[in-house]
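Engineer: Here is my input; please provide its structure:
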Amino acid sequence: MDRVSFGVLGCASIARRKMLPALVSHPRAHVVAVASRTADKAARFASEFGCDAVTGYERLLERPDIDAVYVPLPAGLRTEWITKALTAGKHVLAEKPLTVTAATARELVTLSRTQGLLLMESFMFLHHSAHRAVQDLVDAGRIGELRSFSATFTIPPLPKDDIRHRPDLGGGALLDLGAYTVRAAQLHCGTDLVPKGTVLVTDPDTGADVSGAALLSAGPVVAHLSFGMVHPYRCAYRLTGSTGTLTLERAFTPPPTWQPVLRAESQDRSEEIRLPADDHFANTVTAFTTAVLAGDGFTAHGDRIVRQAELLEGVRLAAAAVPAASRAA
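Structural biologist: This is a model prediction of the structure:
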């Protein structure tokens, strides 16, 4: 086998805008079919991407010509369909957050290992070369000893009918946006982070958290994280060391043509380092298909899934709830 045959469970916006184009254009991937609960939607997606239309997720999982499935369903629905996909013998690439609880993350990882299948959480930004460039400078001593990490991911207000206002479907700012900051903190501070305190601001009408901040630590290194969906758009992180700082803007959502600018500062020096453009969508497909075709690296992906879910749950459990300001205010 020299490429992986994919089925897509659901016609989410991110599938149409980002992942399906990356899958269709990748030499190691072949999109066989896309499934929707409604025939018309499946047909529209299938026509656009040159694959079969399937009505109903179960029917897609029954197909023997599919090796792996991409699951962009709402977070609250992913556990059910990831379980069914793994049980049907399919490798799974699922959107983040892969689950809404640590217990279900552990169950899914255990199932994937029992089945001998790859289960991967699609944090695409991890596959952008900019983050390796940042870490290389840290390792080279550019900022001295790491003291703290801060990350922000905020977006403007969403329509009230957006699923991210639905806690029953896994909505809320922590799982949708805070998850990026937690994963980035692990990337640069390690997996031994411990939540120390959290504030979650909740919309009283929907029950969804619309913004928040969290403090975590890994020994003497502190991570300050902020996230929200009632803000101007920003996604960035900063590493502060004993002798300088590194700041990366557009850290989580750079388009393939974007040339990231890394700002390096110290007491008597400031430099903007222009990094090469990179396509983290295509790189995610490369990482997934390489692992499937090699039959290797599955354990590490499972460990990362569980640790991410544990940290998100810990952040929530450490939270002090605060009601959102009224619109009249």
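Engineer: Looks like Thr87 contacts Gln115 (just checking).
Structural biologist: Yes: the criterion here is Cβ atoms under 8 Å, and Thr87 meets it with Gln115 at 7.4 Å. Every residue, glycine included, has its C-beta placed from N, CA and C.
Engineer: higher neighbour count, the two?
Structural biologist: The residue with more neighbours, out of Thr87 and Gln115, is Gln115; 17 against 13, by other Cβ atoms under 10 Å.
Engineer: list the contacts for the more buried one?
Structural biologist: 86-87, 89 (Cβ atoms under 8 Å, 6 or more residues apart in numbering).
Engineer: Looking at the residues you listed, which one is closest to Ala324?
Structural biologist: Leu86 (37.9 Å; Cβ to Cβ).
Engineer: What helices and strands are in contact with the strand or helix carrying the closest one?
Structural biologist: Using DSSP states H and E, Leu86 maps to helix 75-87. Contacts defined by 3 or more Cβ pairs under 8 Å, 6 or more residues apart in numbering; DSSP states H and E place helix 75-87 against helix 57-61, strand 68-71, strand 91-95, helix 102-115.
Engineer: Strand partners (parallel or antiparallel) of the helix or strand that Ala35 is a member of?
Structural biologist: Here Ala35 sits within strand 29-36, counting by DSSP H and E. Neighbouring strands of strand 29-36 in its sheet, by DSSP bridges, are strand 4-9 (parallel), strand 52-55 (parallel).
Engineer: and these, which is most packed in?
Structural biologist: Mean neighbour count (mean count of other Cβ atoms under 10 Å) peaks for strand 4-9 among these, with a mean of 26.
Engineer: how big is the angle separating that one from strand 91-95?
Structural biologist: 50 degrees (axes from the mean of the first three to the mean of the last three Cα atoms, to 10 degrees).
Engineer: who's in contact with strand 4-9?
Structural biologist: 15, 19-20, 23, 28-35, 45, 54, 57, 60-61, 63, 65-73, 81, 85, 90-91, 288-289, 292-293.
Engineer: These, buried ones only, as a ChimeraX selection?
Structural biologist: In ChimeraX, this line selects whichever of those come out buried by 16 or more other Cβ atoms under 10 Å:
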select :15,19,20,23,28,29,30,31,32,33,34,35,45,54,57,60,61,63,66,67,68,69,70,71,72,73,81,85,90,91,288,289,292
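Engineer: thinking Ser242 is in contact with Arg142, fair?
Structural biologist: No: if you go by Cβ under 8 Å, Ser242 and Arg142 don't touch, sitting 11.2 Å apart.
Engineer: the more surrounded of those two?
Structural biologist: Each of Ser242 and Arg142 has its neighbours counted (other Cβ under 10 Å); Arg142 has more, 19 against 10.
Engineer: Flag every buried residue along stretch 75-89.
Structural biologist: 75-79, 81-86, 88.
Engineer: what are the ranges of the helices in the stretch 151-300 of the chain?
Structural biologist: Ranges of helices in the stretch 151-300 of the chain, per DSSP state H, counting those that start in this stretch, are 173, 179-189, 280-294, 298-317.
Engineer: Which one of these lies nearest to Ser266?
Structural biologist: Per Cβ to Cβ, nearest to Ser266 of the helices of the stretch 151-300 of the chain: helix 179-189, 18.2 Å.
Engineer: taking the mean pLDDT, what do you get for the closest one?
Structural biologist: Across helix 179-189, pLDDT averages out at 98.
Engineer: can you give me the angle that helix makes with helix 298-317?
Structural biologist: Between the axes of helix 179-189 and helix 298-317, defined by the same axes, to 10 degrees, the angle is 120 degrees.
Engineer: Output the contacting helices and strands for helix 179-189.
Structural biologist: helix 129-139, strand 146-154, strand 209-218, strand 221-228, strand 234-241, helix 298-317.
Engineer: For Met120, which of these is the nearest?
Structural biologist: Using Cβ to Cβ, the nearest of those to Met120 is helix 298-317, at 4.9 Å.
Engineer: any idea how far the nearest residue to Gly190 once chain neighbours are set aside is from Gly10?
Structural biologist: Once flanking residues are discounted, Gly190 sits nearest to Ala218: 5.2 Å by Cβ to Cβ, 6 or more residues apart in numbering. Separation of Ala218 from Gly10 (Cβ to Cβ, to the nearest Å): 36 Å.
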